[in-house]
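>>> Okay, structure incoming, though there's no sequence with it:
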């Protein structure tokens, strides 16, 4: 029931995803009547989905603290609990991000090996795609947190981006080992340890995000959130300046538009935000994915596919194994020192 | 002698600036012979400049720590000392940023009212132009530092951007008063104080930088550097994707380019980095400006003009007055509590 065009986009997106993922079964949580109607309109094959009637929905402006106390019967919370109770393998929602994060943390619980969960998302870069975490689950991150983000991000890039040995970098203000603050340098020293078998390239700078220097950008939630929003803002600013330049020279603008159409289409296809739709909450006992609230059915279907892939590769166990190794290497090094 | 095309770009840029700034006198520090020759080629009127022969130049890869010990006679250091000894009103260099910062801090000394100097630069936004600080002079910033950045940035926006009541915002992960960490919230509480007479709008997010929500973006040097580099990287990524889209559809691409030319020219004029050339070191007993090392004479002339304007409005005294007021308001509030 969450997002700007729910439940329509959600049902349409699930239908689209069901065509690509032949062994997926969908459980909708929400207003049964509305969902049923939409399933009929979209010719959603009856044995591919089921519906749980929870008409109470979380609103876009609801506060996480209040939702935690009063939102137990909400469709969002019930969907999360279906994952906790192993009825479902993963949950995808286009609803209120803050509430989804709070309910997911509370409902799915943190993995024992994880100190702090993180939010990860994917972005286009000069080569193809990369992922970045944390984007705001935590304001600060110590060296242990950053190392765990690195390991979780590596598992994600392998599972979803299909990169065998993902390159990992820590976001900093320079590439030299001496740059930044203690937590960054300590984390780099740990991730550099060959026993971990990671493809750690060291520190990267803000412009490396778009350049494609690495597949996994590791950072604290404050810096990650600022970098993410700054990217979004810069894209908007550039496209608006470009649009203004067109409109101001209307003669050339109109002619150029004619020829530009196929080019702009190609440009849009490459930068289509629907391709990268979905922020993942990592470090929990289950898979929870946040789709952008304003996405359409194509974007929602892509988010579903990401969640489905994570289930297929047994992502949680991969993360567990990676984090156990990290802890062991850390312990044995601390003992030897 | 600093920058990718020195001293040519520097002399040409100064000549350009001299045409706009009729009451400016230029003192060149560097290789006398080379500079003299360039001045003749550029028809630089003899009574508008003088030359101090200091052939020793700081290299682009020189370390600040070594330059501080061994670079005393370098043209860069001598130019800075001309400001310290009041022979010159301001210094502009396209040389090694780290060394320039170190030599400037050492040569010009910190203003007594300033806890930490900061680096400020200007950027285009949806309306016109804004400035942001700190971009990397410090890795961390406490509430006092952030407030001082706000006051210094306000003075700069008034002097250079010509905004009477510049809007100031602190970069954070959300607009709500509860967002971020203590230093941000404490700084916001101080800047909000009406006795200061600032146009403080509160917290802003990364996408507000491009939107033009404020004229002065206040942040710590780590976050500021990441945001700045992320913006640069995003611009490069988008333009490269756009270029690729053109090249891939060569038929439409070639035709569109014909009509696009005047539009792209307009686009480039608006986003021309030469317009925003120059990072300023704030909080020192003198005006020091870093021009981009790769800029051309137009960019260098713009940097000179910014420095010139700061001198004209008696910027250092404005900053002093603003910071004294900040300290007073802070003290009286602390006493009353």
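Nice, I can see it. None of the values given here were measured: they were computed from a predicted structure.
>>> Going by C-alpha atoms from here, please, whenever you check contacts or count neighbours.
Fine.
>>> mind checking pLDDT for residue A:31?
Note for residue A:31: predicted pLDDT of 97.
>>> residues contacting the nearest residue to it once chain neighbours are set aside?
Sequence neighbours aside, residue A:55 is the residue nearest to residue A:31 in space, at 4.4 Å (criterion: Cα to Cα, 6 or more residues apart in numbering or on different chains). By Cα atoms under 8 Å, 6 or more residues apart in numbering or on different chains, the residues touching residue A:55 are A:30-32, A:74-75.
>>> and what of residue A:315?
A:155-156, A:159.
>>> of the contacts of residue A:55, closest to chain B?
residue A:74 (25.4 Å; Cα to the nearest Cα).
>>> Ignoring the adjacent residues along the chain, who's closest to the closest one?
Spatial nearest neighbour of residue A:74, excluding adjacent residues (Cα to Cα, 6+ apart): residue A:56 at 4.7 Å.
>>> Give me the three-state assignment for that neighbour.
coil (DSSP: H, G, I helix; E, B strand; the rest coil).
>>> Quickly note the distance from it to chain B.
27 Å (Cα to the nearest Cα, to the nearest Å).
>>> so that residue touches residue A:70, yeah?
No - if you go by Cα atoms under 8 Å, residue A:56 and residue A:70 don't touch, sitting 10.6 Å apart.
>>> what's the most centrally placed residue in chain A sitting at in phi/psi?
In chain A, the centroid-proximal residue (Cα atoms, centre = their mean) is residue A:279; its distance is 2.1 Å. With angles defined as degrees, to the nearest 10, residue A:279 sits at phi -110, psi 140.
>>> what residue ranges in chain A score low on pLDDT?
Chain A contains residues with pLDDT under 70 at A:246, A:249-273, A:335-337.
>>> Just list what the lengthiest helix in it packs against, helices and strands only.
Using DSSP state H, we find that the single longest helix of chain A is helix A:221-248. Under the contact definition 3 or more Cα pairs under 8 Å, 6 or more residues apart in numbering or on different chains; DSSP states H and E, helix A:221-248 sits against strand A:129-133, helix A:250-271, helix B:208-211, helix B:221-248, helix B:250-271.
>>> Now the two most distant members of the contacts of residue A:55.
Pairwise distances across the contacts of residue A:55 peak at 13.1 Å for A:32 and A:74 (criterion: Cα to Cα).
>>> Which one of those two is surrounded by more residues?
A direct count of neighbours by other Cα atoms under 10 Å in any protein chain shown for residue A:32 and residue A:74 places residue A:74 higher, at 19 against 16.
>>> Touching, the more buried one and residue A:59? I think so.
No - look at residue A:74 against residue A:59 with Cα under 8 Å: they stay out of range, at 10.1 Å.
>>> Hmm, residue A:165 is touching residue A:156, no?
No - contact criterion Cα under 8 Å: residue A:165 and residue A:156 do not qualify, at 11.2 Å.
>>> More neighbours: the two, which one.
Between residue A:165 and residue A:156, counted using other Cα under 10 Å, residue A:156 has the larger neighbour count: 29 against 15.
>>> List the contacts of the more buried one.
A:310, A:315.
>>> Next SSE downstream of the one helix or strand it maps to?
Assigned by DSSP states H and E, residue A:156 belongs to helix A:143-160. Helices and strands here follow DSSP H and E; after helix A:143-160, the next one along the chain is strand A:167-171.
>>> So which other helices or strands are in contact with that next one?
helix A:143-160, strand A:199-204, strand A:216-218.
>>> List the neighbouring strands of the shortest one plus their orientation.
What it means is strand A:216-218. Using DSSP bridges, strand A:216-218 pairs in its sheet with strand A:129-133 (parallel), strand A:167-171 (parallel).
>>> Tell me which of those sits nearest to residue B:82.
strand A:167-171 (38.3 Å).
>>> got the buried residues for stretch A:82-98?
For stretch A:82-98, a neighbour-count test (16 or more other Cα atoms under 10 Å in any protein chain shown) marks A:82-84, A:88-98 as buried.
>>> With secondary structure and distance to residue A:302 as new columns, can these be given to me in a markdown table?
Formatted as a markdown table, those follow (DSSP: H, G, I helix; E, B strand; the rest coil; distance: Cα to Cα, whole Å):
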| residue | secondary structure | distance to residue A:302 |
| --- | --- | --- |
| A:82 | helix | 21 |
| A:83 | helix | 20 |
| A:84 | helix | 23 |
| A:88 | coil | 18 |
| A:89 | coil | 17 |
| A:90 | strand | 14 |
| A:91 | strand | 13 |
| A:92 | strand | 11 |
| A:93 | strand | 12 |
| A:94 | coil | 12 |
| A:95 | coil | 16 |
| A:96 | coil | 19 |
| A:97 | helix | 18 |
| A:98 | helix | 21 |
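>>> Nearest to residue B:207 among those residues?
Nearest to residue B:207 among those, with distances taken as Cα to Cα, is residue A:97, at 17.6 Å.
>>> from memory residue A:98 sits against residue A:64, does it?
Yes - Residue A:98 is within contact range of residue A:64, at 5.9 Å (criterion: Cα under 8 Å).
>>> And the strands in the stretch 1-150 of chain A, which stretches?
Along the stretch 1-150 of chain A, the stretches classed as strands by DSSP state E, counting those that start in this stretch are A:26-30, A:49-53, A:90-93, A:118-124, A:129-133.
>>> Good, wrapping up.
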